[in-house]
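In: Based on what follows, work out the 3D shape:
(chains A and B)
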Amino acid sequence: MGYTVFYLSAIVIVPLSMIFFNTIPMGWEPFVNAVTAPRVLASYKLSFSTAFFAALFDALAGLLTAWVLVRYRFPGREFLDALVDLPFALPTAVAGICFATLYSPNGWLGEILTRWNLQIINTPTGIVIALIFIGFPFVVRTIQPVLEEVEQEIEEAAHCLGATRLQTFKKIILPHLFPALLTGVTLAFARGIGEYGSVIFIAGNLPMKTEIAPLMIMSKLDQFDYAGASAVALVLLCISFSMLLVLNAVQEWQQKEYRS
Amino acid sequence: MGIELQNITKTFGEYKAIDNLSLNIASGDLIALLGPSGCGKTTLLRIIAGLEMADSGKIILENKDTTNLPPRKKNVGFVFQHYALFRRLTVFENVAFGLKVLPLRERPSRSEIRDKVEHLLKLVQMDWALKRYPSQLSGGQRQRVALARALAVNPRVLLLDEPFSALDAKVRQELRRWLRKLHDEIHVTSIFVTHDQEEALELADKIVVINKGRIEQQGTPQEVYDHPANAFVYNFLGNVNVFHGRIHNGKVSLGNHHVDAPDDLKNIEEKPSQTFVRPHEIGISRIRSNDNDLAGTIREVRLLGGQIGLNLECEGLDGPIEAEIPRELFINLQLEKGVQVFVTINRVRVFTGDYEI
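Out: Residues are numbered from 1 along each chain as shown, chains lettered A, B, ... in the order given. From the prediction side, this is the model:
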């Protein structure tokens, strides 16, 4: 217990509380002004919406990938399994540069898209693509162990009782996976809000259009507006924290129902 | 006919799990598929349920050819060894599942489902647990819920895959008797797989002994136990002493000891034989009652509930033999380790095949 508190303080609580203390001297009015400036509000909106859509897409893609990795045995499966972790391991700036070159008007994909008059780079869509990449392993890695836990027998039992594959998935497997899926998606979402490195290269950072919230913090720091940066950061922190709280509450409620 | 299996064959790679097996089961019977692990009995059950596809052969359930139907169309109730209950659903929802997934026009109304589920849960004595989750129940209770769930869809046949093997001895006994009683009430053609001969003997109307993907023998428990068709069946149904020897001019040798050969083997001049004696068919006394008795020494005494197990070293026999005598006799004769006794071998079964244990 003592150790847990110590490490938690040293690693998490103390650094995060600095944001709080940095913001206090600012006073209420400048704080409100800083966090409700139109550019800042636009960046919040952008960060949350792109992270949300990316997480949603990750939910589908992650579920499918986890399913294939758990249920099917094929050559190269282990390689694929290792590949899932790549977004974790890769410096996010590297990912950012990859996306930027891929989708730039003379990149492989960018060239094709330009021909169709589609633009990915410098748009929110580009941000979503980067965030999908970053959030993907969270979903796969949280679902995988739970899916492995679902015995074949459970499905066989459902089939014997007359259920189609779709019914079995909908009524038996999905409810089973739901808590893990929720955790994975929330983690991907939270990560998406905070993601910086991989996004800024592809986003183009046009004010009011493709400026994400972490970028606002960086640009305020660049202008030596430390208090303003802390203020924006504090809001992000509060939102992330409350999201995790809600997630925990939902899971608690889910678990309580069928255990105890 | 309840279940007709015609020439079923199933191989896994090189391994022949089911070898051209045919079997007929009368409607309403409770059948035990008995065999050692790996003999193919579970595979056979899964083939009947459609969970496994046979390489060749036909499966006819209640006069309907179901060979090529997927499991969900077979209308078979399957009870798994480890229950396979839906953990996220309550007991009520588990049992109702089979009814709720029916196509809309066949699906009973909400209240009909409710009545049916409650009736079934009453039948398995689990009606107090409607709102519980499987994790809140004991193993025996879970298996009863699983049974109710399988029965909810009015299955043509009920298949149980080692239904009691995950339970402890006491619960297993209880549930066995209870299942027998339940079957007498509902009369659905049922097959259960087991490797426990006691379970098969106690529970089944008929026993089908399987080994290496083939049927060794089938018949009522009485028939199979009293007239085993071959050495494998004899050996598999209960504890047994085995003597390897020869038949020679109407006599069977057990080591240096000889007994009369059974009538059907009297005419054999000379052949290697295996002689089987059940432990409880060995008589023990303090005095020699006839010339054929063997002198022996008790080397070990074991308590087996109502019986006492004795490990004896006998003059003229190659190895030690096992005997079981009633506790009362054990006390009356004042037996203990090291005591000299006389051993009467009452009943032997002799097989001349080349079967090996």
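
In: which SS class is B:Asn154?
Out: When classified by DSSP: H, G, I helix; E, B strand; the rest coil, B:Asn154 comes out as coil.

In: Excluding chain neighbours, give the residue nearest to it in space.
Out: B:Asn75 (7.5 Å; C-beta to C-beta, 6 or more residues apart in numbering or on different chains). Any C-beta I mention is one placed from the backbone N, CA and C, and that applies to glycine too.

In: can you give me the helices in the stretch 51-200 of chain A?
Out: Ranges of helices in the stretch 51-200 of chain A, per DSSP state H, counting those that start in this stretch, are A:77-83, A:86-89, A:92-103, A:108-115, A:124-149, A:152-160, A:165-168, A:174-194, A:197-203.

In: Most tightly packed of these?
Out: Highest mean neighbour count of the helices of the stretch 51-200 of chain A: helix A:197-203, a mean of 24 (counted as mean count of other C-beta atoms under 10 Å in any protein chain shown).

In: CA-only coordinates of the helix or strand just after that helix in CSV, if you can.
Out: Going down the chain from helix A:197-203, the next helix or strand is helix A:213-222, by DSSP states H and E. In CSV, the C-alpha atoms belonging to helix A:213-222 read as follows (Å, rounded to 0.1, in the frame of the first residue of the first chain):
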residue,chain,number,x,y,z
ALA,A,213,-5.8,20.9,-28.5
PRO,A,214,-2.3,19.7,-27.6
LEU,A,215,-1.0,21.9,-30.4
MET,A,216,-2.7,24.9,-28.7
ILE,A,217,-0.7,24.0,-25.6
MET,A,218,2.6,23.9,-27.6
SER,A,219,1.9,27.1,-29.4
LYS,A,220,1.2,28.9,-26.1
LEU,A,221,4.4,27.5,-24.7
ASP,A,222,6.2,28.8,-27.8
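
In: Can you list the buried residues in the host helix or strand of A:Val14?
Out: In the assignment (DSSP H and E), A:Val14 maps to helix A:14-23. Within helix A:14-23, the residues scored as buried using 16 or more other C-beta atoms under 10 Å in any protein chain shown are A:Ile19, A:Asn22, A:Thr23.

In: can you list contacts of it?
Out: Helix A:14-23 has contacts (C-beta atoms under 8 Å, 6 or more residues apart in numbering or on different chains) with A:Phe31, A:Tyr226, A:Ala227, A:Ser230, A:Ala231, A:Ala233, A:Leu234, A:Leu237.

In: So which residues make contact with the very next helix or strand once past it?
Out: Using DSSP H and E, the helix or strand that follows helix A:14-23 in sequence is helix A:28-36. By C-beta under 8 Å, 6+ apart, the residues outside helix A:28-36 that reach it are A:Thr23, A:Met26, A:Val40, A:Ala227, A:Gly228, A:Ala231, A:Val232, A:Leu234, A:Val235.

In: Show the pLDDT at the first one.
Out: Looking back up the chat, that one is A:Thr23. Confidence at A:Thr23, expressed as pLDDT, is 81.

In: How about it: what's its closest non-neighbour residue?
Out: Using C-beta to C-beta, 6+ apart, the closest residue to A:Thr23 is A:Ser230 (4.4 Å).

In: Ok, the last one next?
Out: Counting by C-beta to C-beta, 6+ apart, A:Val35 is the residue found nearest to A:Val235 once chain neighbours are left out, at 5.2 Å.

In: That neighbour: neighbour count?
Out: Number of residues near A:Val35 (other C-beta atoms under 10 Å in any protein chain shown) recorded here: 19.

In: Now for B:Arg278: which residues touch it?
Out: B:Arg278 sits in contact with B:Gly238, B:Asn239, B:Val240, B:Asn241, B:Arg347, where contact means C-beta under 8 Å, 6+ apart.

In: cool, and A:Gly110?
Out: A:Gly110 neighbours (C-beta under 8 Å, 6+ apart): A:Leu102, A:Tyr103, A:Ser104, A:Ile120, A:Ile121.

In: do A:Gly62 as well
Out: So A:Gly62 contacts A:Phe136, A:Phe138, A:Val139, A:Val140, A:Ile143, A:Gly184, A:Ala188 (C-beta under 8 Å, 6+ apart).

In: and which of those residues is nearest to B:Arg327?
Out: Among the contacts of A:Gly62, A:Ile143 lies closest to B:Arg327 (C-beta to C-beta), at 58.9 Å.

In: these two touch, right, the closest one and A:Leu60?
Out: No - contact criterion C-beta atoms under 8 Å: A:Ile143 and A:Leu60 do not qualify, at 11.4 Å.

In: how about low-confidence regions in the chain?
Out: If you meant another chain, say so; for now it's chain A. Within chain A, the set of residues satisfying pLDDT under 70 comprises A:256-260.

In: please go with chain B instead
Out: For chain B, the stretches flagged by pLDDT under 70 are B:353-357.

In: Kindly recompute the last result at 50.
Out: Within chain B, the ranges that satisfy pLDDT under 50 run B:356-357.

In: can you give me phi and psi for the residue of it most remote from its centre?
Out: The outermost residue of chain B relative to its centre, with distances by C-alpha atoms, centre = their mean, is B:Arg105 at 41.3 Å. Backbone dihedrals for B:Arg105, given as degrees, to the nearest 10, come out at phi -80, psi -20.

In: same question, the one 4 residues further on
Out: For B:Ser109, the backbone dihedrals (degrees, to the nearest 10) come out as phi -70, psi 170.

In: That one: how many residues sit nearby?
Out: 8.

In: now B:Val193
Out: B:Val193: 26 surrounding residues under other C-beta under 10 Å.

In: Contacts only, for it.
Out: B:Val193 touches B:Ala32, B:Leu33, B:Lys41, B:Thr42, B:Leu44, B:Leu45, B:Leu160, B:Asp161, B:Glu162, counting by C-beta under 8 Å, 6+ apart.

In: what about it, is that helix, strand or coil?
Out: Following three-state DSSP, B:Val193 is assigned to strand.

In: Show me the beta-bridge partners of B:Thr297.
Out: B:Glu313, B:Gln340 (DSSP bridges).

In: burial count for it?
Out: Other residues close to B:Thr297 by other C-beta under 10 Å number 15.
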